[in-house]
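> Return a 3D structure for these sequence lines:
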Amino acid sequence: MIRDVRVKTAFQEITLRAFDELTLEEVLLAHRLPTNLFQGYLISFGKSLRPIPLNTTIKDINEDIEIILQCIRDTDLRQILPQQTFYRKSDNPVTILRGFNLSQEKCVETIYEISEEKAKNIIASKIEGFLKQYSLAKTVLVGISGGGDSNTLVRSLKAYAVKNEPDKRYLCFTLVFEPFWPQSGALRASELCRDSSIEHYIYSESEIEKLLSMKDKLRNFYSDFLAKFGENTYDLFTTFVITLVARKLCKKNNTTEYCLGYNREDVLTELLFQLINGRKPLQYPVREFGDIRFLMPLWDIPKKILDACYPKYSSVNYQERQSTVPKPLYQRNLLFYLAHTLDDIYNNLGLSLMSGIKKLFDNDWTQVEKLEGKPDLYISPYADKQQLEEVRNLLKEYF
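Down below sits the predicted model:
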């Protein structure tokens with residue numbers, strides 16, 4: 001059954017037609033209206049307003065009672081929510097991008113359908129601008145996994161070199177450490193680099209151990225790390241190993257730059273963690289570890305655009321991870337959820353926050369400091385002293 005629901009603001013009143021199986025909350029969300037901006041009321045004949053919670057299901061309200069959703073601020077929603085939508089069609093679209101044109105009178109939305117080829121061109125253009133602004137070295141190490149992001153990154157880096165710096169050299173590397181970095185991913189990465197005529201090196205567990213001059217097996221290090229710091233800290237371990245290898249390879253190849261495929265939501269998740277915990281952000285989109293610079297050429301590109309470029313590789317990568325990756329920390333789950341939600345709340349809100357915070361902290365980032373000893377461990381001033389000592393003792397056993 002269909003019911004009328006009146007939505008009232010200080011500037012307008014509209015009547016929505018809604019299925020009575022929905023809650024009032026769901027009616028608002030279906031029209032991109034924030035639920036905490038509204039209060040529900042019922043009006044029966046000859047009686048005053050009666051407030052009701054928004055989780056009320058419409059079918060539980062008598063048919064002779066009027067339903068009102070009242071905006072509790074004097075906000076003119078016509079200026080910030082689309083009053084008119086235009087579509088820019090594309091052949092074989094794989095995703096969409098939204099654009100809002102804000103004005104004093106009304107908000108106009110344009111929905112751009114993005115084909116696979118268009119997505120590749122968008123990213124190639126973004127990476128070209130990034131490299132022109134930030135990359136200084138003639139040789140850059142590139143960590144890749146063989147997934148969709150890797151394809152997009154490598155092909156765009158190659159296109160930039162051909163167009164702008166023919167002498168720029170990329171050395172791609174992939175780590176194999178089952179089940180997190182499977183051999184199948186390394187083979188896909190190898191095929192990708194071969195197609196792009198880029199040097200590629202695969203490091204097995206034993207080769208990682210040799211490269212890092214480890215005293216014991218990498219797998220034993222992993223087991224001890226999880227035993228000491230928790231089963232859900234696998235991502236901290238894998239990130240540490242990747243960056244350790246990247247910096248080692250930079251020194252081995254006499255360069256000062258490496259890059260990884262950190263996308264918009266990756267950077268935003270880390271940023272939210274820092275801010276929520278009362279910490280100054282870590283530097284982005286370039287982070288310095290001594291004289292080595294970590295580049296993030298995908299830092300402002302949404303994950304959905306990257307996946308749209310090479311859906312086959314992305315799909316295979318996700319299927320492999322579903323059966324092998326342990327359940328992450330709940331806080332990590334929450335922060336990634338929030339990072340992806342921000343642009344759904346309002347178009348490009350996440351990017352606006354990242355750009356504003358980058359400007360705000362551009363000369364006042366959290367500084368990381370290298371500790372004496374091996375391997376080269378960099379810490380922030382927020383590191384817990386007790387846990388830091390536990391980490392150092394564990395590292396002494398393996399390096």
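
> And the strands in the stretch 151-300 of the chain?
169-175, 199-203, 257-259, 286-289, 292-295 (DSSP state E, counting those that start in this stretch).

> Give me the distance between the last one and the centre of its chain.
This points to strand 292-295. 19 Å (CA atoms, centre = their mean, to the nearest Å).

> Within the sheet, what are the partner strands of it, with directions?
Strand 292-295 has its sheet partners listed here by DSSP bridges as strand 257-259 (parallel), strand 286-289 (antiparallel).

> low pLDDT regions in the chain?
Along the chain, segments meeting pLDDT under 70 span 46, 313-314, 317-329.

> in it, which spans are helices?
Ranges of helices within the chain are 24-30, 116-134, 148-163, 183-195, 205-211, 218-229, 234-252, 264-276, 303-309, 311-322, 330-345, 349-360, 385-398, based on DSSP state H.

> hmm, back to that, deepest of the strands of the stretch 151-300 of the chain, which one?
strand 257-259 (a mean of 25; mean count of other CB atoms under 10 Å). The C-beta positions use only the backbone N, C-alpha and C, and glycine is treated the same way.

> ok, and what's touching it?
135-137, 139-143, 153, 246-247, 249-250, 292-297 (CB atoms under 8 Å, 6 or more residues apart in numbering).

> Quickly list the domain ranges of this protein.
When the chain is parsed with automatic domain parsing, its domains come out as 2-75, 79-116, 119-398.

> now the helices of the chain in JSON lines, with distance to A18 and mean neighbour count?
As requested, the helices of the chain are exported to JSON lines (distance: least, CB to CB, whole Å; neighbours: other CB atoms under 10 Å):
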{"stretch": "helix 24-30", "distance to A18": "5", "mean neighbour count": "19"}
{"stretch": "helix 116-134", "distance to A18": "35", "mean neighbour count": "17"}
{"stretch": "helix 148-163", "distance to A18": "38", "mean neighbour count": "22"}
{"stretch": "helix 183-195", "distance to A18": "46", "mean neighbour count": "18"}
{"stretch": "helix 205-211", "distance to A18": "57", "mean neighbour count": "16"}
{"stretch": "helix 218-229", "distance to A18": "49", "mean neighbour count": "15"}
{"stretch": "helix 234-252", "distance to A18": "42", "mean neighbour count": "17"}
{"stretch": "helix 264-276", "distance to A18": "32", "mean neighbour count": "19"}
{"stretch": "helix 303-309", "distance to A18": "29", "mean neighbour count": "22"}
{"stretch": "helix 311-322", "distance to A18": "35", "mean neighbour count": "15"}
{"stretch": "helix 330-345", "distance to A18": "21", "mean neighbour count": "15"}
{"stretch": "helix 349-360", "distance to A18": "27", "mean neighbour count": "15"}
{"stretch": "helix 385-398", "distance to A18": "52", "mean neighbour count": "13"}
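
> Same list (these) but as TSV, adding distance to G40.
Formatted as TSV, the helices of the chain follow (distance: least, CB to CB, whole Å):
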stretch	distance to G40
helix 24-30	5
helix 116-134	41
helix 148-163	43
helix 183-195	50
helix 205-211	58
helix 218-229	46
helix 234-252	41
helix 264-276	31
helix 303-309	33
helix 311-322	39
helix 330-345	21
helix 349-360	26
helix 385-398	47
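
> so which of these gets nearest R6?
R6 lies closest, by CB to CB, to one member of the helices of the chain: helix 24-30, at 11.0 Å.

> contacts for the closest one?
The contact list for helix 24-30, computed with CB under 8 Å, 6+ apart, reads 5, 16, 18, 22, 34-35, 38, 40, 52, 54-56, 58, 67, 69.

> Mind picking the one among those that's closest to L212?
Of the contacts of helix 24-30, the one sitting nearest to L212 (CB to CB) turns out to be P34, at 49.1 Å.

> follow-up on the earlier one: any chance of a markdown table for the strands of the stretch 151-300 of the chain, columns distance to T269?
Putting these into a markdown table (distance: least, CB to CB, whole Å) gives the following:
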| stretch | distance to T269 |
| --- | --- |
| strand 169-175 | 22 |
| strand 199-203 | 27 |
| strand 257-259 | 18 |
| strand 286-289 | 15 |
| strand 292-295 | 16 |
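
> Quick one, which of the ones you listed gets closest to D224.
Comparing these by their distance to D224 (CB to CB), the top pick is strand 169-175, with 18.9 Å.

> Show me what the closest one is packed up against.
strand 139-143, helix 148-163, helix 183-195, strand 199-203, helix 234-252 (3 or more CB pairs under 8 Å, 6 or more residues apart in numbering; DSSP states H and E).

> Show me what the fourth one is packed against.
Same thing as strand 199-203. Applying 3+ CB pairs under 8 Å, 6+ apart, one finds that strand 199-203 contacts strand 169-175, helix 183-195.

> What of the first one?
With contacts defined as 3+ CB pairs under 8 Å, 6+ apart, the packing partners of strand 139-143 are helix 148-163, strand 169-175, helix 234-252, strand 257-259.

> do you know which of the strands of the stretch 151-300 of the chain lies nearest Q331?
strand 286-289 (21.5 Å).

> Any chance you could give me the closest one in CSV, C-alpha atoms only?
Output of strand 286-289 as CSV, limited to C-alpha atoms (Å, rounded to 0.1, in the frame of the first residue of the first chain):
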residue,chain,number,x,y,z
VAL,A,286,54.3,12.2,0.0
ARG,A,287,55.7,10.8,3.2
GLU,A,288,59.4,11.0,4.1
PHE,A,289,61.3,8.3,5.9
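
> how distant is that strand from the center of its chain?
Chain-centre distance of strand 286-289: 19 Å, with CA atoms, centre = their mean.

> got a list of what the residue nearest to V391 when sequence neighbours are not counted touches?
Nearest residue to V391 in three dimensions, chain neighbours excluded: L377, at 7.4 Å (CB to CB, 6 or more residues apart in numbering). Neighbouring residues of L377 by CB under 8 Å, 6+ apart: 370-371, 391-392, 395.

> Looking at the residues you listed, which is nearest G278?
G278 lies nearest to V391 out of those, by CB to CB, at 21.9 Å.
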